[in-house]
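>>> Let's see this in three dimensions:
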Amino acid sequence: MLRILHSLPRTHKLLLLPVATMVTVLGAQKIVTVFENNQRQEQLRDTVLYPLSPQAQPGLPALSSDRYSVAEVIEIATQAIDATRDHIPLSQLTPSEVIDLGEFSAVPISELDAASVYPDDAIADSDLELATVLDEGALHIALVIGTLASGMLDSRHTDDEALAATSYEEYPEDELGLFDDGVLNFDQEIAATASFVPEWRTYTVQQGDTFAVLAQNELGLGYSEVMQLLDSVPDQRLLTHWRAGNSFEYQLDEQDRLLALRLMKSPREGLLVESSDDGFDIATIERAGEATQRLFAGSVSGSFARSAQAAGLSSTEVAQVTRLLEKKLDFRRDTRRGDEFQVLLESDIIDGSSFDSRVLAIQYAGARMNLTILRNSADNNFYTPDGQSLDPAFSRYPFEGSYRMSSGFNPRRTHPVTGRVSPHRGTDWAMPIGTPIVAPADGRVEKVSNHPLAGRYIVIRHDNGYSTRYLQLSRSLVNRGDRVSMGQRIALSGNTGRSTGPHLHYEVIVNNTAVDAMQVELPESQSLEGEMLAAFQRESEPLLAALRSGQAGPVVAQVSTDSDSEDD
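Numbering: from 1, shown residues only. All right, here's what the predicted structure looks like:
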């Protein structure tokens, strides 16, 4: 190639000299690179640099735009660069010159100089005549073009790849041994190094299961640990009295030994057992339910209790309603077929089951009585919508006026006639015959009769559960089954039966036991007034709205906003 260049005119030499120099440098680089790659597997060699001779540096030729444009020169250089990008097998190369690479050896660059690489006598003996000298600018262009041709600035090579080309860390052999078994499964390795997290498991009791055997087979407990666990729980029947179909939850550690055990006595209550170094720790589980209101509606057909159960109330809920209504309603006399009732309950719902039912409101519309009662959250008592309590006031004296007490309550009193000890279970007031006797509280007349010793007498059962008896009467003003109210006249005093003079014998009975009427604690008036009444009525509005809706099932009551609109 140099001979061809030498034979060209001087102007052509100046134009083609950069291209020829670039091709020569790149060709030499390609041969050295292939040689080094073939030898790299055996040993690493130092890079061998071949600097150009100082005498082979002609001046930078000037490009004449009259004959050749810059674009044509760049195109020629580009073609030369593209020719060096692809790998060409040696078998496809056309031999022109043979270079023996075995004569070269790796020499440190500091020991190289121009004289040793290109001796003067070698240049003198050569037929090649260097017609010009390359300056530093031409050499720089050739090096830049060669760098681009080698692909060192290719966009496919990033800084990260260059930085990752080597490593300076030393790894222990036990860590490198992780890769000895073949292909690495990263999912398994992550699972192997992750911390252990126990999971809750559920076991359903089968027919014939016993806790002692199950604890050893499923929970990993020994016999002594089973006995210690039985002694730790407050109620051993949770573990010993099982039924097929019951279930419990448990957690095991990495050695399949018991970590925690969860036993539920009911959907709401249970026990949590946790293993510890000293044995077992026991904690109580209490689940909070969702408070839900439900409205039950029905009509009386037969007994009230059966009618209420037919409407959907449980036996416990029926008992609550009955205890409230019997303070005003005599179920044997006041209920009639076709009477309608509504009961608003609030209960806690857990897993679809109802717990802790609470009566909020009752409405009874009957042939003989209409009654509506509402719970007051302030004192947890029931009142009518106008604030009247179900437990009305109870008067201390069953008459109007002032009379002398002739004989008080005395369980060891000596009878004035017979002289023997005869308990006096009531209180006597001396009063003229025919003095009006009034009911001390609301109630119902249970009995009107005559007795040889008690004379004519009356028994009244009051709404608060108390009962009163009136003896030695001259006349009864009520009949059995009559409903009486507080202050209503019920009889006239007299001197009938075994008596020493006109008087009234009055008894108060609490829980079937006679008590001192002058000392017993009697219910006081519970009627609401003022701010308490206003607060109760505001609270009662959604309850009354639910009763008026008449729609059985879950209740979402809405209060009317008419009053609010008027205020606006």
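
>>> which residues of the stretch 401-550 of the chain fall in helices?
If DSSP state H, counting those that start in this stretch is used as the criterion, the helices of the stretch 401-550 of the chain fall at 530-549.

>>> Check which helices and strands the host helix or strand of Glu317 is in contact with.
Secondary structure assignment for Glu317, by DSSP states H and E: helix 315-325. If you count contacts as 3 or more C-beta pairs under 8 Å, 6 or more residues apart in numbering; DSSP states H and E, helix 315-325 packs onto helix 304-310, strand 340-350, strand 353-365. Bear in mind the C-beta positions are built from the backbone N, C-alpha and C, glycine included.

>>> Among the ones you listed, show me which one is buried the most.
Stretch with highest mean neighbour count among the helices and strands packed on helix 315-325: strand 340-350 (a mean of 20; mean count of other C-beta atoms under 10 Å).

>>> mind listing what that strand pairs with, with the direction of each?
If you go by DSSP bridges, strand 340-350 pairs up with strand 290-299 (antiparallel), strand 353-365 (antiparallel).

>>> Count the residues that sit near Val459.
Val459 has 18 neighbours, counted by other C-beta atoms under 10 Å.

>>> Under a three-state scheme, what state does Thr21 occupy?
For Thr21, the assignment made with DSSP: H, G, I helix; E, B strand; the rest coil gives helix.

>>> What is the burial count for it?
With neighbours defined by other C-beta under 10 Å, the count for Thr21 comes to 21.

>>> What separation do you get for the spatially closest residue to Glu529 that is not a sequence neighbour and Glu531?
Excluding the flanking residues, the one nearest Glu529 by C-beta to C-beta, 6 or more residues apart in numbering is Gly387, at 7.1 Å. To Glu531, Gly387 is 12 Å away according to C-beta to C-beta, to the nearest Å.

>>> Those two: which is more packed in?
Taking other C-beta under 10 Å, Gly387 and Glu531 do not tie; Gly387 has more neighbours (19 against 8).

>>> measure the more buried one to Ala283 for me?
As judged by C-beta to C-beta, Gly387 and Ala283 stand 45 Å apart.

>>> likewise Leu258?
Where Ala283 is concerned, Leu258 sits at a distance of 15 Å (C-beta to C-beta).

>>> ok, these two, which is more surrounded?
Using other C-beta under 10 Å as the criterion, Leu258 and Ala283 rank with Leu258 on top: 20 against 11.

>>> what's the closest non-adjacent residue to the more buried one?
Leu258 sits nearest to Leu219 (C-beta to C-beta, 6+ apart), 4.3 Å away.

>>> Could I get the contacting residues of the one you found?
Contacts for Leu219 were tallied using C-beta atoms under 8 Å, 6 or more residues apart in numbering; they are Tyr250, Leu252, Arg257, Leu258, Leu261.

>>> who's Asn410 bridged to?
Going by DSSP bridges, Asn410 forms beta bridges with His424.

>>> What is the neighbour count of it?
Asn410 has 15 neighbours, counted by other C-beta under 10 Å.

>>> which residues sit against stretch 438-447?
For stretch 438-447, contacts defined as C-beta under 8 Å, 6+ apart pick out 328, 330, 333, 392-400, 457-464, 466-468, 478-490, 523.

>>> can you check stretch 413-426 too?
407-412, 469, 471, 498, 500, 505-507, 514, 517.

>>> cool, stretch 482-490 as well?
Stretch 482-490 is contacted by residues 330, 392-395, 436-445, 458, 460, 470, 476-478 when judged by C-beta under 8 Å, 6+ apart.

>>> Pull out the buried residues from those residues.
The neighbour-count criterion (16 or more other C-beta atoms under 10 Å) marks 330, 392-394, 437-445, 458, 460, 470, 476-478 among these as buried.

>>> Out of those, which sit inside strands?
Judged by DSSP state E, the buried ones among the contacts of stretch 482-490 include Ile437, Val438, Gly443, Arg444, Val445, Ile458, Ile460, Tyr470, Ser476 as members of strands.

>>> In those residues, find the pair that's most separated.
Ile437 and Arg444 (16.4 Å; C-beta to C-beta).

>>> who touches the residue nearest to Glu529 in this structure?
Gly387 sits next to Ser527, Leu528, Glu529, Met532, Leu533, Phe536, Gln537 when contact means C-beta under 8 Å, 6+ apart.

>>> what residues go with each domain of the protein?
2-150, 201-286, 404-515 (automatic domain parsing).

>>> Worst mean pLDDT among those?
Out of those, domain 2-150 stands lowest, with a mean of 56 (criterion: mean pLDDT).

>>> Number of residues surrounding Val318?
By other C-beta under 10 Å, 18 other residues sit near Val318.

>>> Please apply the same query to Thr202.
Residues near Thr202, counting by other C-beta under 10 Å, number 9.

>>> same question, the one 4 residues further on
By the other C-beta under 10 Å criterion, the neighbourhood of Gln206 contains 10 residues.

>>> looking at this, it is in a helix?
No: Gln206 sits outside any helix when classified using three-state DSSP, being coil.
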